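Trainee: Pasting the sequence and the predicted coordinates here, then a few questions.
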Amino acid sequence: MEFVQQLGDKHPPIQLGSVDRTIHNPELVKQRFAGVIDYLARVELEVDRNVLELLTILPHASKVDTVFYQDVWSDQEIAHGVILDQLQVDLGLPPANPFQTIPVRMKLLGALAHWEPIHDISRMLYYLTGASTERQAVLAYSSLTKELDEIGEDAISQTIVQPIKRQEPGHFAFYRMSAEMMVQDQVLKPWQLFVTRLLREKSFTLVGVDYLKAYQRDMGGVLVGLGMDAELEVYAKEIGRLEAKLLWANRNGMEFPPYFLKALRESIEMYKGQGNFDRPDPHQFVF
């Protein structure tokens, strides 16, 4: 709780008026990063749905978890989304269209989570998903900062992307500490660990994919646009090493769970193949 409170005090939400949205070459930024900015803005703006998902799958969330996601994380993330969305509007692009549907699988998990053993599984899934998501965010913002600096767009790089990036590691630290505590305290029995592994293996998606093919393809575009497709196994290790350690105990020398690399490759293949997927309705049914 002390860590969460300090996180909120040290990193208040970034105000739109505090950033410099000067763009020296709008056409170049649009050409190279339109898809990246739109994807990041949409994901950050989906935080309201994320909070509803957490209320669904964690009906008996601890006070620490509740304070973190309602009072610290959500306010910071919404601010990130507002700023990135304004940036793409400045570029003459349409605003982001956040996806608002809670998948049926989460509602089913939430219904079962009133039973404490399932609730503990939900908690671990929440922490692992959060840790992976935040690592993906940090790496994306780091790469975007570098790319923008290289083309002389220092205003948006240093006053928008960098400040956003600086807030993400604190979120990762919260998820890591929470998951590590569950492992150290042996909260999950062997059968619960088995179920958790099974659910992660069968339902894992990259950040912002939301189980939709169009978003999976768009994520491939982000990976390619930021040059992350050049060393996929290195990237998979960066975002999956914590899960390999805590959930799989680095089984057989595992550096990252195989489903991380599988998801990355599938997204890139879909992007390069340019599959024809309709843009998702923000309220469409998702299992």
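Mentor: In hand now; what should we look at?

Trainee: Run through the stretch 151-287 of the chain and note the low-pLDDT ranges.
Mentor: Residue ranges of the stretch 151-287 of the chain with pLDDT under 70: 274-279, 283, 285, 287.

Trainee: what ranges do the helices span in it?
Mentor: 154-156, 162-184, 190-203, 213-225, 232-246, 258-273 (DSSP state H, counting those that start in this stretch).

Trainee: Next up, the contacts around the residue nearest to S74 when sequence neighbours are not counted.
Mentor: Spatial nearest neighbour of S74, excluding adjacent residues (Cβ to Cβ, 6 or more residues apart in numbering): V47 at 5.0 Å. All C-beta atoms are positioned from the backbone trio N, CA, C, and that covers glycine. V47 makes contact with W73, S74, E77, I78, G81, according to Cβ atoms under 8 Å, 6 or more residues apart in numbering.

Trainee: swap the cut-off to 7 Å and go again
Mentor: Counting by Cβ atoms under 7 Å, 6 or more residues apart in numbering, V47 touches S74, E77, I78, G81.

Trainee: Dump these to a markdown table, plus secondary structure.
Mentor: Formatted as a markdown table, the contacts of V47 follow (DSSP: H, G, I helix; E, B strand; the rest coil):
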| residue | secondary structure |
| --- | --- |
| S74 | helix |
| E77 | helix |
| I78 | helix |
| G81 | helix |
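
Trainee: Of the residues you listed, keep whichever come out buried.
Mentor: By neighbour count, with 16 or more other Cβ atoms under 10 Å, those hold S74, E77, I78, G81 as buried.

Trainee: Closest to D154 out of these?
Mentor: D154 lies nearest to G81 out of the buried ones among the contacts of V47, by Cβ to Cβ, at 22.4 Å.

Trainee: The closest one is in contact with L45, isn't it?
Mentor: Yes: using Cβ atoms under 7 Å, G81 is in contact with L45, at 3.5 Å.

Trainee: List the buried residues in the biggest helix by length in the chain.
Mentor: The residue-count maximum for a helix in the chain (DSSP state H) belongs to helix 116-150. Neighbour counts over helix 116-150 (16+ other Cβ under 10 Å) mark 118-141, 143-145, 147-148 as buried.

Trainee: can you check stretch 36-45 too?
Mentor: In terms of neighbour count (16+ other Cβ under 10 Å), stretch 36-45 has its buried residues at V36, I37, D38, Y39, L40, A41, R42, V43, E44, L45.

Trainee: ok, the first one to V224 distance?
Mentor: Noted for V36: a distance of 10 Å to V224, by Cβ to Cβ, to the nearest Å.

Trainee: now the last one
Mentor: For L45, the distance to V224 (Cβ to Cβ) stands at 23 Å.

Trainee: before we move on, what about the third one?
Mentor: Separation of D38 from V224 (Cβ to Cβ): 15 Å.

Trainee: and R251, how many neighbours?
Mentor: Each residue near R251 was counted by other Cβ atoms under 10 Å, and the total is 10.

Trainee: ok, and the closest non-adjacent residue to it?
Mentor: A244 (8.0 Å).
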